[in-house]
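**Student:** Everything below, folded, please.
(2 chains)
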Amino acid sequence: MTRLFFATDVHGSEICWKKFLNAGKFYNVDVLILGGDMTGKALVPITQLPDGRYKATLLQQQFLLNTEDEVRDMERRVGSRGYYPFRVTPEQLAEFEADPAKVDAFFHQQMLSVLEKWMGLADEKLNGSGKRCYVCPGNDDSPETDEAVLRSKHVQLAEGKVVELGDGFQMVSTGWANITPWKTYRELSEPELAAKLEAMIPKGVDMRKMVFNFHCPPYGSNLDEAPEIDADLNVKEAGRALIPVGSTAVRDMIMKYQPLLSLHGHIHEGKGTARLGKTLSINAGSLYEQGVLQGALVELDARKGIKSYTLTTG
Amino acid sequence: MSESTLFLRKATGLVRSWSVFDAFIYAFFSINLVTLGFYIISQMYFFEGGLIPALVISGIIILAEVVVYAGLIAVMPRAGGDYVWQSRILGGGLGFVLAVTGWWFILWLWTPLYADMLRHIFFVPLLGVLSLKDAALWFAGDANAFFLVCVLTAVFVTIIIALGMKTYARMQKFCFWVGNAGLLVVCLFLLLSNNDAFRAGLEANATKYFGAPPGVYEATLAAGEAAGAITPLMGGSLTAIFLAMPYLVFFNLWPNWGATLYGEVKGADDFRRNLQGMAWALIATTLLGVIFFLLVNKTITWDFYTKANAAYWSYRWGFSESAPPMGSVWPYPAMLAMFVTTNPFLQFVVLLAMSMWFFGWAGTVFLSSTRVIFAAAFDRLLPEAVATIEPRTRTPIWALALMIVPGLIVSALYVYNVANFASLTLASTLVIAVTYLGSTVAAILLPYTKKDLYEASPIAKYKVAGVPLITVAGVIFALFLVFLLYQWLLDPNALYGIGYSINENGYKNGTSLVFMGVMYLLAVIIYVGAKMYRKNQGVDLDLVYKEIPVE
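**Tutor:** Next up, the predicted model:
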């Protein structure tokens, strides 16, 4: 019996990453899988004032920070939402505002620095635990993310690879997605994505023992329902007009190969399960901003296939 | 130029904002004046508290509910609403029982109530205006016709769900404008006409369309007087006004229905937008109700309107043996207003436009329920099959079946009044109020039991005298809910008839108590049964909402 825990889209939330690492012991699983989009989306400046105090704005609320402890607490709060806090002087802030390239470079630096720290934490937690941990960066993660993961001793980069889960079960993973309105790092047109997926799926193997770990959910599966947005990225109908935004290529591959299980993320609102033919498809969803780690706990049995599964809100 | 406080990169899900007006429309339809409002207010003919003060005061109190829900959504958005909030804060068992009773089981009882509104604001007046008197009277008074409308309601909602939320949201917007245009015309007729014209119009139209006998105006006044119509439009003691509220909240307790938040939460603006969408809906609906009934008073007169309602409901409920002069035709105020003209084309167009208030709203009966059923299935408390989508029509057939089949069974009990089932109308509100109480208690505790979650949310800075705003609003709303539940369940003044009245003259409604008890019992059985079944499969459902330690 192989027990696996799948989570996804932690987007820089240190709380979620720590919970993910602890999930192995908490749920008593053999394999931990992170489905992508590890890195955060925002930088929050904590600006030093002339009198030595600091100020910061979090969630549109301004905070005046009088002591070093308060600054550290603010850094913790910013980090808990998946944002990257950084201390600046007003002059440095002005330089950032004037130079988007500088912001971009600093963003990368922060992302990689946090990832390095996360990999260190993972090595510490997983060392001697006997648990395997696979990470597959998602469309929001820059290519440098892979390099940071590769430097870890205990976290294995799963992108494009077929890995063994135990009891003869295998998993193939990718964080590439179809085109989004945000033009992120790992996006392809549907035909290109189909070709990429086709190339990485091993041929001649028992698909009843295969897991597809594809970041993007299959189109029209109910795991891919997101609020419709207009050209300016405003949510239409106050978020009630939900439309399928998943990938037809992912759907086609699932329907063609009928793996035992497919694991997805990408659409945070799309938490749920669906049956596509014989395949059980799961989107674990994400509540990373609240420090809540949504996940899926799956038991794989060499004879029965999926013995049990549960979606968790940990 | 203000200095930057946040640098965002291009990443999936980073949406900008949404229209408060769009949020307003959904909330506005959820506290639907023309369907829920007219329907329940017409039943309130025996109260000593004035309708307008009851509307205004209850509206002010329900603003606390808006704060509670806007706060919960801001702290835990996209989380599945009451079910997840309660499961996360109060525990999985309580969360499941309160969510499935309040968002699923009790909606079975709402099926005949929606249908009753549909037949009285759509079929009866429109068929009457088309001079199809027999058909109109059949829909108005025949139990089989009523049941047919229950089936049609279920079919309509199924089609809405199959069309999807995007289509429904657009349809709602169309219904919003057309329905309000219809209401504006109705108000103009009431404003520009007078009681003499109404009396003459009633005589002419009620006779022509529904076969009412001559002298229907005076006869209705007499029948209403005999039925005990006393509710004033204004005035009444504060106690009497509050005692009207357990009825009135059937209409205005729902501004939070379906409130959502999508995309990344960027800050307090997101909280304020949701708050504003719901609050403005509540305020606008309350004002609209006040204006409408003042206009009714001007032209139809409140006295006639209340007495027409008393004549209708006292006969329908079996308190009076003599049929009202208008027979089984419900005194739909928009129809009465349109009686000031004798132009059937104008009447038809306006009443058809008014029916959009129903069609833009009716999807609410099952939409939220299917989501709760899905969430429970994902949590393995229900079989996986109930969350499946039929691929051709993209319809959640099993979830719908779990709504429609019991909904039609309950409809039959209600329509044919088995074991006095028709007396259960307010139970539809009671059970949801219990669910809201669960979420409200969760909201009160949230800043203390989920400190990190709360502190990292956009509402953390909103405080009243140092106490978190969500806690203060929660206490106010919880007290209101406890007051409502006390009145409904123990009914000390013998006014509501759905509990076990401690008043010696009050009704001890065994059917109501058994029905509600069975629902809670069923929820407990499903929860305990699912836990045991999953345990045998090696699945520990206690883990579903258990928080993973961070350190």
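**Student:** pLDDT at whichever residue of the stretch 1-150 of chain A sits closest to chain B, what is it?
**Tutor:** Distances between the stretch 1-150 of chain A and chain B by Cβ to the nearest Cβ are smallest at A:Gln60, namely 3.0 Å. Where C-beta positions appear, they are placed from N, C-alpha and C, glycine not excepted. Reported pLDDT at A:Gln60 in the predicted model: 81.
**Student:** any idea how far it lies from B:Lys461?
**Tutor:** In this view, A:Gln60 and B:Lys461 are 10 Å apart by Cβ to Cβ, to the nearest Å.
**Student:** ok, now B:Asn343?
**Tutor:** 58 Å.
**Student:** Neighbour count: those two, which is higher?
**Tutor:** Set B:Asn343 next to B:Lys461 and count neighbours by other Cβ atoms under 10 Å in any protein chain shown: B:Lys461 wins out with 16 against 11.
**Student:** That one touches A:Gln62, doesn't it?
**Tutor:** No: contact criterion Cβ atoms under 8 Å: B:Lys461 and A:Gln62 do not qualify, at 9.0 Å.
**Student:** one step back: any residues in contact with both of A:Gln60 and B:Lys461?
**Tutor:** Common neighbours of A:Gln60 and B:Lys461, using Cβ atoms under 8 Å, 6 or more residues apart in numbering or on different chains, are B:Ala268.
**Student:** Check the average confidence over stretch B:294-310, would you?
**Tutor:** Regarding stretch B:294-310, the rounded mean pLDDT is 98.
**Student:** Output the longest helix belonging to the chain.
**Tutor:** Answering for chain A, as no chain was given. Under DSSP state H, the helix in chain A containing the largest number of residues is helix A:100-126.
**Student:** should've been chain B
**Tutor:** Using DSSP H, we find that the single longest helix of chain B is helix B:268-299.
**Student:** Could you confirm A:Leu263 falls within a strand?
**Tutor:** Yes: with DSSP: H, G, I helix; E, B strand; the rest coil as the criterion, A:Leu263 is assigned to a strand.
**Student:** So for stretch B:400-411, what gets flagged as buried?
**Tutor:** The neighbour-count check on stretch B:400-411 (16 or more other Cβ atoms under 10 Å in any protein chain shown) flags B:400, B:402-404, B:406-408, B:410-411 as buried.
**Student:** Counting by contacts, list what the host helix or strand of B:Leu513 packs against.
**Tutor:** Assigned by DSSP states H and E, B:Leu513 belongs to helix B:510-536. When contacts are defined as 3 or more Cβ pairs under 8 Å, 6 or more residues apart in numbering or on different chains; DSSP states H and E, helix B:510-536 sits against helix B:92-100, helix B:427-449.
**Student:** ok, and what's touching the following helix or strand past the shortest one?
**Tutor:** By that I understand helix B:92-100. For helix B:92-100, the succeeding helix or strand toward the C-terminus, using DSSP H and E, is helix B:106-118. Applying Cβ under 8 Å, 6+ apart, the contact partners of helix B:106-118 are B:35-36, B:39, B:146, B:149-150, B:152-154, B:358, B:362, B:365-366, B:368-369, B:403, B:406-411, B:414-415, B:424-425, B:427-428, B:431-432, B:515, B:519.
**Student:** now do stretch B:172-179
**Tutor:** Under Cβ under 8 Å, 6+ apart, the answer for stretch B:172-179 is A:237, B:22, B:25-26, B:28-29, B:34, B:353-357, B:359-361, B:363.
**Student:** Can you pick out the most distant pair from the residues you listed?
**Tutor:** Pairwise distances across the contacts of stretch B:172-179 peak at 23.4 Å for A:Glu237 and B:Met354 (criterion: Cβ to Cβ).
**Student:** okay, those two: which has more neighbours?
**Tutor:** The neighbour count for A:Glu237 versus B:Met354, taken as other Cβ under 10 Å, is higher for B:Met354 (30 against 23).
**Student:** who in the stretch 451-551 of chain B is up against chain A?
**Tutor:** The stretch 451-551 of chain B comes close to chain A at residues B:452-453, B:455-458, B:460-461, B:534, B:537-539, B:541, B:543-551, as judged by Cβ under 8 Å from any Cβ of the partner chain.
**Student:** Just the buried ones from those residues?
**Tutor:** B:453, B:456-458, B:460-461, B:534, B:539, B:541, B:543-548, B:550.
**Student:** Would you mind listing what in the stretch 301-450 of chain B touches chain A?
**Tutor:** Counting by Cβ under 8 Å from any Cβ, the stretch 301-450 of chain B comes close to chain A at B:374, B:377-380, B:384, B:387-389, B:394.
**Student:** Would you mind giving me the PyMOL syntax to select the buried ones in those residues?
**Tutor:** Buried residues within these, by 16+ other Cβ under 10 Å, are selected in PyMOL with:
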select buried, chain B and resi 374+377+378+379+380+387+388+389
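**Student:** Check the burial of residue 38 by counting its neighbours.
**Tutor:** No chain in the question, so chain A it is. A count of nearby residues for A:Met38, using other Cβ under 10 Å, gives 30.
**Student:** that's the wrong chain, I wanted chain B
**Tutor:** Residues lying near B:Phe38 (other Cβ under 10 Å) number 25.
**Student:** and the gap between it and B:Leu430?
**Tutor:** Taken as Cβ to Cβ, the span from B:Phe38 to B:Leu430 is 21 Å.
**Student:** just A:Ser221 next, same as before
**Tutor:** In terms of Cβ to Cβ, A:Ser221 sits 38 Å off from B:Leu430.
**Student:** for the stretch 1-150 of chain A, what spans make up the helices?
**Tutor:** Secondary structure of the stretch 1-150 of chain A (DSSP state H, counting those that start in this stretch): helices located at A:14-26, A:68-80, A:90-98, A:100-126, A:144-150.
**Student:** which of those is buried the deepest?
**Tutor:** Counting by mean count of other Cβ atoms under 10 Å in any protein chain shown, helix A:14-26 has the highest mean neighbour count of the helices of the stretch 1-150 of chain A, with a mean of 23.
**Student:** same for that one, what does it pack against?
**Tutor:** strand A:2-7, strand A:31-34, helix A:68-80, helix A:100-126.
**Student:** Where is pLDDT lowest across the residues of the stretch 301-450 of chain B next to chain A?
**Tutor:** B:Arg394 (74).
**Student:** tell me the secondary structure for A:Phe212?
**Tutor:** strand.
**Student:** residue contacts, the nearest residue to it once chain neighbours are set aside?
**Tutor:** In space, and not counting its chain neighbours, A:Phe212 is closest to A:Ser262: 4.2 Å by Cβ to Cβ, 6 or more residues apart in numbering or on different chains. Applying Cβ under 8 Å, 6+ apart, we find A:Ser262 in contact with A:211-214, A:218, A:250, A:254, A:276, A:279-282.
**Student:** same thing but 7 Å
**Tutor:** A:Ser262 makes contact with A:212, A:214, A:254, A:279, A:281, according to Cβ atoms under 7 Å, 6 or more residues apart in numbering or on different chains.
**Student:** Excluding residues flanking it in the chain, which one is nearest the closest residue to chain A within chain B?
**Tutor:** Per Cβ to the nearest Cβ, B:Gly267 is where chain B lies closest to chain A, at 3.0 Å. Nearest residue to B:Gly267 in three dimensions, chain neighbours excluded: A:Gln60, at 3.0 Å (Cβ to Cβ, 6+ apart).
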